[in-house]
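Peer 1: Show me how the following folds:
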Amino acid sequence: MSENKEKVVIGMSGGVDSSVAAYLLKEAGYQVIGVTMQMWGSENAESIADAKKIAEDLKIPHYVLDFRKAFKEEVIRYFMEEYAKGRTPNPCVICNRKVKWEALLAWAQQMDAYYIATGHYARVERLENGRFAIKKSSVDKKDQTYALFNLTQEQLAHTKMPIGEYEKEKVREIAVKIGLTVAGKPDSQEICFIPDHDYAGYIERESGKHFAEGNFVAADGTALGRHQGIIHYTIGQRKGLGLAMGKPVFVTKILPQSNEVVIGSNEELFTTRLTAEQMNYMAEEKFFAGMEMTAKIRYAHKGERCRVISCGNDRLEIEFDYPVRAITPGQAVVFYEGDYVLGGGLIR
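Peer 2: Residues are numbered from 1 along each chain as shown. Okay, the predicted model is just below:
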């Protein structure tokens, strides 16, 4: 990697967060290069135009890089394969490590830049033990550390996140003050490559596969009705089941081998144990049996205290102090101590 620590490449989405991040870096004296990553076709032409205009306003160079091939291979294929296995993936986790950071760092190296930067609400710190870790944003409601647990030590060593210290309102204030046209632009929501949120329709179109109907069943195997195909469901789902049971019922399990979706009560969604795989260690080099920490099982989860039951390099079993609801295979489980990310993995 280049030793030019004055030069930083920032990913610019055309939104207010990355635009203000670019401005703050320039104000701090860095030589800033803006990059917009094309990920999923021509649908983000408006974002590219916005980013280009911002770069002109900030008087920094701007490039558009085509990462569509990497995005399709690393993110979209993974997303479709996970749903086919009855899991509910988080594509942002894979995209951040495998596409955004990996591809952007490689390009930054070619440009003789030491750092890359993003507009995430999070902070990067080097700890006393010498390891790099993601630290929660100073504003909890905007904190984006959950989707960043998968970054490597090498990636973190070359990463800056300038808006991690700011509230969203303050970021918009800065954008207004410096006259950025995107100051009032709304935040992007949900999965970027499926703007209509019809995941099942997208998967069938892209994969060319049809996912057959099957049975809704009770925990004891009793058939309760017909489902539309397993890719239409996720753990904890209540709406759209089309079952008249006389009481609220939820998806408690998805069984791809038998093409069945198990239905049960809300109480049946609570459990105290989970197993994680594909672990990435961040603030700590490794975990050990008996270690206690807080785990988040989805982005909006407040977190629950837990302890490690058993662990290997790539696999971890934990037990929660209190039962947690709707642990969902395919989602990330991220471990914290205070504001720092200790590591995380994918729920199996």
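Peer 1: what ranges do the strands span in the stretch 1-150 of the chain?
Peer 2: 7-11, 31-38, 62-66, 115-117, 122-126, 132-136 (DSSP state E, counting those that start in this stretch).
Peer 1: got the buried residues for the fifth one?
Peer 2: The one in question is strand 122-126. 122-124 (16 or more other C-beta atoms under 10 Å). Bear in mind the C-beta positions are built from the backbone N, C-alpha and C, glycine included.
Peer 1: Save those residues as CSV, and put in distance to W101 and pLDDT too.
Peer 2: Supplementary listing: the buried residues of strand 122-126 in CSV, determined by distance: C-beta to C-beta, whole Å; pLDDT from 0 to 100:
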residue, distance to W101, pLDDT
A122, 13, 96
R123, 16, 97
V124, 12, 98
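Peer 1: What is the nearest of those to Y146?
Peer 2: Closest approach to Y146 among those (C-beta to C-beta): A122, at 9.3 Å.
Peer 1: Give me the helices and strands touching the helix or strand where A200 lies, please.
Peer 2: Taking DSSP states H and E as the definition, A200 sits inside helix 199-207. Judged by 3 or more C-beta pairs under 8 Å, 6 or more residues apart in numbering; DSSP states H and E, helix 199-207 is in contact with helix 77-84.
Peer 1: on that earlier part again, which one of the strands of the stretch 1-150 of the chain lies nearest to E277?
Peer 2: When the strands of the stretch 1-150 of the chain are compared by C-beta to C-beta, strand 132-136 sits nearest E277, at 20.4 Å.
Peer 1: between that closest one and strand 122-126, how many degrees?
Peer 2: 150 degrees (axes from the mean of the first three to the mean of the last three C-alpha atoms, to 10 degrees).
Peer 1: Pull the residues that contact strand 132-136.
Peer 2: 122-127, 143, 145, 148-149, 151, 153, 156-157, 164, 282-283, 336, 339-342 (C-beta atoms under 8 Å, 6 or more residues apart in numbering).
Peer 1: Contacts for the helix or strand following that strand, please.
Peer 2: Once the chain leaves strand 132-136, the next helix or strand it forms, by DSSP H and E, is helix 153-157. Applying C-beta under 8 Å, 6+ apart, the contact partners of helix 153-157 are 97, 101-102, 105, 124, 131-134, 282.
Peer 1: Buried by neighbour count: which residues of helix 153-157 qualify?
Peer 2: 155-156.
Peer 1: for stretch 318-325, same thing?
Peer 2: Buried, per 16+ other C-beta under 10 Å, within stretch 318-325: 318, 320, 324-325.
Peer 1: do stretch 220-240 as well
Peer 2: By neighbour count on 16+ other C-beta under 10 Å, the buried set for stretch 220-240 is 224, 227-237.
Peer 1: Start and end of that stretch, how far apart?
Peer 2: In stretch 220-240, first residue to last residue: 22 Å (C-alpha to C-alpha, to the nearest Å).
Peer 1: Give me the residues contacting that stretch.
Peer 2: Against stretch 220-240 from outside (C-beta under 8 Å, 6+ apart): 83-84, 86, 88, 199-200, 203-204, 210-218, 241-243, 245, 248-254, 256, 259, 261, 263, 269, 325-329.
Peer 1: swap in stretch 321-332?
Peer 2: 82, 85-90, 93, 146-147, 149-150, 234-236, 250, 254, 266, 269-272, 274, 297-298, 301, 304-307, 344-348.
Peer 1: Distance from stretch 272-283 to the middle of the chain?
Peer 2: Centre-to-centre, stretch 272-283 and its host chain are 15 Å apart (C-alpha atoms, centre = their mean, to the nearest Å).
Peer 1: Next: stretch 320-338.
Peer 2: 15 Å.
Peer 1: Could I have the CA atoms of that stretch written out in CSV?
Peer 2: The C-alpha coordinates for stretch 320-338 follow below in CSV (Å, rounded to 0.1, in the frame of the first residue of the first chain):
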residue,chain,number,x,y,z
PHE,A,320,-28.3,-15.3,26.0
ASP,A,321,-29.1,-14.2,29.6
TYR,A,322,-32.7,-13.8,28.5
PRO,A,323,-34.6,-15.4,25.6
VAL,A,324,-34.5,-13.4,22.3
ARG,A,325,-37.2,-13.3,19.6
ALA,A,326,-36.9,-14.5,16.1
ILE,A,327,-33.3,-15.5,15.7
THR,A,328,-33.0,-15.7,11.9
PRO,A,329,-30.6,-17.9,10.0
GLY,A,330,-28.6,-15.9,7.4
GLN,A,331,-28.7,-12.6,9.4
ALA,A,332,-25.6,-11.3,11.2
VAL,A,333,-24.9,-11.6,14.9
VAL,A,334,-22.6,-8.8,16.0
PHE,A,335,-20.8,-8.7,19.4
TYR,A,336,-20.1,-5.6,21.4
GLU,A,337,-18.4,-4.5,24.6
GLY,A,338,-19.5,-1.0,25.3
